[in-house]
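Student: Here's my sequence, what's the structure:
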Amino acid sequence: MRGEPDPTYVQARRLLLDALEALQPHHDALVLVGAQAIYQHVGEATIAVAPFTTDGDIAVIPSVLGTTPALDSVMKGAGFQPGSQPGIWKRREGSIDLLVPQSVGGRKGRSASLDGHGASSALLVSKVFKLRDRLGNEHRLFDKDALDAYRLFREVGTGELVEGFGRMVADARVEPVARDALPALAELFGTHEAEGVRMIARALEVIGDPEEAATSVVILAQDLLAELRAAFDG
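Tutor: Numbers count the residues shown, from 1 in each chain. Down below sits the predicted model:
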């Protein structure tokens with residue numbers, strides 16, 4: 001048994017719940033993204049590594065967001081203060097990042113997690129871009145992020161991912177991002193030598209069989225890529 005969850009993770013989840021409670025008037029315009037969303041979607045899965053993250057990422061859909069109450073007012077009312085970067089709100093226990101997806105907001109950011117577009121597929125796309133954008137930067141590239149993608153590969157059926165991807169391709173707001181995910185997915189997980197595969201193997205080498213995990217993710221990724229390319233490439 002894994003025992004009690006890490007107190008830092010419990011604190012991060014509590015912080016996220018406090019932020020969501022404060023933002024309740026705008027819930028229709030919010031989408032939980034990042035690792036917290038993956039854990040909520042697939043749970044602890046069958047990987048012998050407990051879910052862990054200190055991030056709290058919430059995507060905001062501008063076209064749905066109401067004008068009142070103001071986001072800064074409700075966040076400050078919950079004890080958060082603005083961070084050094086736009087959208088980051090800090091409290092003693094940690095921080096929450098309010099993100100505006102570029103595909104729907106015209107601003108910096110590349111979250112494809114849009115309500116109604118297939119949560120699993122959108123979460124995988126978001127995680128793939130996060131990994132690819134950080135390749136070559138060892139200070140921002142963490143094995144845990146690749147392991148989060150592995151959770152989705154293992155726990156979500158290929159058919160469900162393809163279906164969700166299809167809904168994204170059918171929406172002009174996110175189609176370019178969805179199609180751009182295909183080469184990124186292949187780059188990260190398409191071969192045993194791919195960086196994402198090596199990251200997963202490193203994350204599991206202490207408590208599991210890294211070679212088995214590497215083989216598994218490559219097979220799953222290649223199968224997904226084959227179906228996606230057959231259905232949507234070109």
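Student: okay, which residue of the protein is out on the far edge from center?
Tutor: Residue farthest from the centre of the chain, counting by C-alpha atoms, centre = their mean, is T68 at 27.8 Å.
Student: neighbours around A226, how many?
Tutor: When neighbours are defined as other C-beta atoms under 10 Å, A226 has 11 of them. In short, each C-beta sits where N, CA and C put it, glycine included.
Student: Then D148?
Tutor: The local packing of D148 (other C-beta under 10 Å) involves 28 other residues.
Student: Quick check: it vs L135, distance?
Tutor: Going from D148 to L135 by C-beta to C-beta, to the nearest Å gives 16 Å.
Student: Next: I219.
Tutor: 22 Å.
Student: can you check V217 too?
Tutor: V217 is 17 Å from L135, by C-beta to C-beta.
Student: What ranges does the chain have for its helices?
Tutor: Here the chain has its helices, by DSSP state H, at 7-22, 34-42, 71-77, 102-105, 119-134, 143-155, 158-169, 175-189, 195-204, 210-232.
Student: Of those, give the one that comes closest to R91.
Tutor: helix 7-22 (6.4 Å; C-beta to C-beta).
Student: by contact count, what packs against the closest one?
Tutor: Counting contacts by 3 or more C-beta pairs under 8 Å, 6 or more residues apart in numbering; DSSP states H and E, helix 7-22 packs against strand 30-33, helix 34-42, strand 57-60, helix 71-77, strand 88-91, strand 94-99.
Student: switch the cut-off to 7 Å
Tutor: When contacts are defined as 3 or more C-beta pairs under 7 Å, 6 or more residues apart in numbering; DSSP states H and E, helix 7-22 packs onto helix 71-77, strand 94-99.
Student: Tell me which of the ones you listed sits most buried.
Tutor: strand 94-99 (a mean of 20; mean count of other C-beta atoms under 10 Å).
Student: Just the CA coordinates for that strand, please, in PDB.
Tutor: Output of strand 94-99 as PDB, limited to C-alpha atoms (Å, rounded to 0.1, in the frame of the first residue of the first chain):
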ATOM      1  CA  GLY A  94       1.300  27.800  -3.400                       C
ATOM      2  CA  SER A  95       0.000  29.300  -6.600                       C
ATOM      3  CA  ILE A  96      -2.800  29.000  -9.200                       C
ATOM      4  CA  ASP A  97      -2.300  29.800 -12.800                       C
ATOM      5  CA  LEU A  98      -5.300  31.200 -14.800                       C
ATOM      6  CA  LEU A  99      -4.600  30.500 -18.400                       C
END
